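**Student:** The amino acid sequence is not available; the structure is as follows:
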């Protein structure tokens, strides 16, 4: 199985909210002060729409959304599960 890098799309989305701040892929977004509860919901909606996945209740943990690397890992896991579900 190959894994895709979803970080460019994630960084592009985040750039709209982080302005001039150059977020590192392992930087805790919540510690920057740029994030609020509305942003978190926008991030979840972006992830679902951009990658055509469903973020389940059990996925709504800070560890899945606090860094670009964590969001990328969540997307990769969800896409892998979706691909496995579609196999005959």
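**Tutor:** Nice, thanks for sending it over. What you see is a predicted model, and the numbers here were worked out from it, not measured in a lab.
**Student:** Please give the element, helix or strand, for residue 55.
**Tutor:** Assessed by DSSP states H and E, residue 55 sits outside every helix and strand.
**Student:** Ok, residue 43 next?
**Tutor:** Going by DSSP H and E, residue 43 is part of helix 37-51.
**Student:** That helix packs against which elements?
**Tutor:** Secondary-structure packing of helix 37-51 (3 or more Cβ pairs under 8 Å, 6 or more residues apart in numbering; DSSP states H and E): helix 7-18, helix 68-86. Where C-beta positions appear, they are placed from N, C-alpha and C, glycine not excepted.
**Student:** I'd like the distance between residue 10 and residue 39.
**Tutor:** Distance, residue 10 to residue 39, by Cβ to Cβ, to the nearest Å: 13 Å.
**Student:** swap in residue 13?
**Tutor:** 11 Å.
**Student:** pLDDT below threshold where in this protein?
**Tutor:** 1-3, 83-88 (pLDDT under 70).
**Student:** related to what we said a few turns ago, now for the helices and strands packed on helix 37-51, which one comes closest to residue 50?
**Tutor:** Proximity to residue 50 (Cβ to Cβ) singles out helix 7-18 among the helices and strands packed on helix 37-51, at 5.7 Å.
**Student:** so what does the closest one touch, helix or strand wise?
**Tutor:** Using 3+ Cβ pairs under 8 Å, 6+ apart, helix 7-18 is in contact with helix 37-51, helix 68-86.
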